[in-house]
Every structure is written in C-alpha cells, then in structure tokens.
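> build me a structure from this.
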Amino acid sequence: MINNFSIPELNNHDVQELWFQQDGATCHTARATLDLLKDTFGDRLISRFGPVNWPPRSCDLIPLDYFQWGYVRLLVYADKPQTLDHLEDNIRRVIADIRLQMLEKVIENWTSRLDYIRASRGSDMPEIIFKM
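Got it, this is the predicted structure:
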C-alpha cells in the first residue's frame, strides 16, 4: 500500500513539511517498511523504532485514535458499501464533510487531555467524554 498508493500520491504534492505517524504494529515496524518511510520522511516519521518514537499507550492522546477513526468509520459504513469504489467515495465524502468547528472541538479536547496528563504527572486518564 505504501509503495503502490501512498508514495506515488505524495509525489504529486509538496510534502516537505509532512509528518508520517503510525502505530507500533509489527508489520509497520519491519525493517523494509521503516527504511522506506525514513527515506521518504526523514526525521518526520513517528513510529516505533523510528526517529520519533511512538508514545506507548498513547491512544487517549492521539486525536486520530480517540476521535477520527471511530467517527469516520461510523459514517463510512452507515450505508453498507458493497464495492471498493463505494467505500472510497464514502471515505472521501466523510473526510471532506468534517467541519472546522468539529476540529476545533477536537483540539480543545486534546488540549484538556494534555493538561490532565501534565497535572497528574502521567497517571492514567479517567474516561473523558468527547462532546460536540
């Protein structure tokens, strides 16, 4: 997927400031994968064993984890897409329809999470409800 889709697509855009972040799944940290990503992103790679290490147990702090994946998945599969084209269209539509106000709330919530972690000196975070 990285070789066949991501890198060619990125080559169509100016990506000098783009960062790449992935979780620590074994397939994501294979030597060939990391070498390819390091060649493409240099020190702008957030990954287990990468230049910027993936923070352990950080799902409460990563907006993609605590907001975007669940939100997008809920809407993308609402009409039960039956073809890859339909699924891709749904993904593009849902991402394009995310309102600026919603993203501002996500960042506000993220800031609250960071403040809590700082104040508690890294202790476990109680359940935080994301409010729209």
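
> chain center to stretch 68-75, what's the gap?
Stretch 68-75 has its C-alpha centroid displaced from the chain centroid by 12 Å (C-alpha atoms, centre = their mean, to the nearest Å).

> now S112: how far from L100?
As for S112, its distance to L100 is 19 Å (criterion: C-beta to C-beta, to the nearest Å). For every residue, glycine as well, the C-beta is placed using N, CA and C.

> then Y116?
Here the criterion is C-beta to C-beta. By it, Y116 lies 25 Å from L100.

> more neighbours: which of these two?
Y116 (15 against 7; other C-beta atoms under 10 Å).

> and that one, what element?
Assigning secondary structure by DSSP states H and E places Y116 in helix 100-119.

> what comes up buried for that helix?
Using 16 or more other C-beta atoms under 10 Å as the test for burial, helix 100-119 gives 106, 109-110, 113, 117.

> same for that helix, what does it pack against?
With contacts taken as 3 or more C-beta pairs under 8 Å, 6 or more residues apart in numbering; DSSP states H and E, helix 100-119 sits against helix 63.

> helices or strands next to the helix it packs on in the packing?
helix 100-119.

> alpha carbons of the helix it packs on, as CSV, please.
Coordinates of each C-alpha in helix 100-119 appear next as CSV, following Å, rounded to 0.1, in the frame of the first residue of the first chain:
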residue,chain,number,x,y,z
LEU,A,100,-13.9,23.2,11.1
GLN,A,101,-15.9,23.7,14.3
MET,A,102,-15.7,20.0,14.9
LEU,A,103,-11.9,20.0,14.5
GLU,A,104,-11.7,23.0,16.8
LYS,A,105,-13.6,20.9,19.5
VAL,A,106,-11.2,18.0,18.9
ILE,A,107,-8.2,20.3,19.5
GLU,A,108,-9.9,21.8,22.6
ASN,A,109,-10.5,18.3,23.9
TRP,A,110,-6.9,17.3,23.1
THR,A,111,-5.6,20.3,25.0
SER,A,112,-7.7,19.3,28.0
ARG,A,113,-6.2,15.8,27.8
LEU,A,114,-2.7,17.1,27.7
ASP,A,115,-3.4,19.4,30.7
TYR,A,116,-4.7,16.5,32.7
ILE,A,117,-1.7,14.3,31.9
ARG,A,118,0.7,17.2,32.9
ALA,A,119,-1.2,17.9,36.1
